[in-house]
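[1] coords please:
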Amino acid sequence: MNLWGDDAARAAVLATNRKRPIVAGLLTEACVTFPVLSALQDGFEVFVVADACGGLTSVGHDITLRRLESAGAEMTSWLQVLLEFQRDWTRHDTYDGARSIVESNGGGYGIGLAYARDMIHPAK
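    Numbering: from 1, shown residues only. Next up is the predicted model:
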């Protein structure tokens with residue numbers, strides 16, 4: 001339940017020389033909480049993708065996220081992570097893939113991207 005307690009997994013994270021892991025998964029109350037708290041204790045700046053985690057109940061999930069945030073974890077969403085990786089829509093090498101994900105899963109924002117693609121910048 002605590003990935004951080006696995007020597008090989010922790011060594012793989014440490015080998016990246018990065019100090020800002022992004023964590024998501026099931027079960028928020030255990031498999032997300034334990035490695036996040038452990039990484040925070042080891043000095044990492046941990047980001048939890050709150051809407052890409054699932055708890056046993058919505059109340060348990062929400063309480064756990066509040067606990068993690070109180071312990072120092074940063075909460076974020078899947079869309080925020082994708083947009084930070086994309087940075088802006090002029091990055092053509094990742095544009096089509098990122099746009100496709102947002103159009104399929106991003107609600108009104110996805111609809112807006114589809115509209116911009118089809119109506120503002122129609123294919124020639």
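[2] Just list whatever residues bridge to the residue nearest to the spatial centre of the chain.
    Taking CA atoms, centre = their mean, the centroid of the chain lies closest to residue 49, which sits 3.6 Å from it. As for beta bridges, residue 49 partners with residue 76 under DSSP bridges.
[3] residues in contact with it?
    Listed by CB atoms under 8 Å, 6 or more residues apart in numbering, the contact set of residue 49 reads 22-24, 76-78, 81. Backbone N, C-alpha and C define where each C-beta goes, glycine included.
[4] Straight-line length of stretch 66-75, end to end?
    For stretch 66-75, the first-to-last residue distance is 9 Å (CA to CA, to the nearest Å).
[5] Okay, buried residues for it please.
    Neighbour-count burial for stretch 66-75, with 16 or more other CB atoms under 10 Å as criterion, is recorded at 68, 73.
[6] next one: that stretch to chain centre, how far?
    The chain centre lies 14 Å from the centre of stretch 66-75; the measure is CA atoms, centre = their mean, to the nearest Å.
[7] what domains does the record give for this protein?
    Per automatic domain parsing, the structural domains of the chain span 3-76, 79-120.
[8] Out of the ones you listed, which is the most enclosed?
    domain 3-76 (a mean of 16; mean count of other CB atoms under 10 Å).
[9] show me where the chain has strands.
    With DSSP state E as the criterion, the chain has strands at 22-23, 47-49, 74-76.
[10] Output the contacting helices and strands for the helix-or-strand element of the chain with minimal mean pLDDT.
    Least confident element among the helices and strands of the chain, by mean pLDDT, DSSP states H and E: helix 107-115 (a mean of 87). Helix 107-115 sits against helix 92-105, with contacts defined as 3 or more CB pairs under 8 Å, 6 or more residues apart in numbering; DSSP states H and E.
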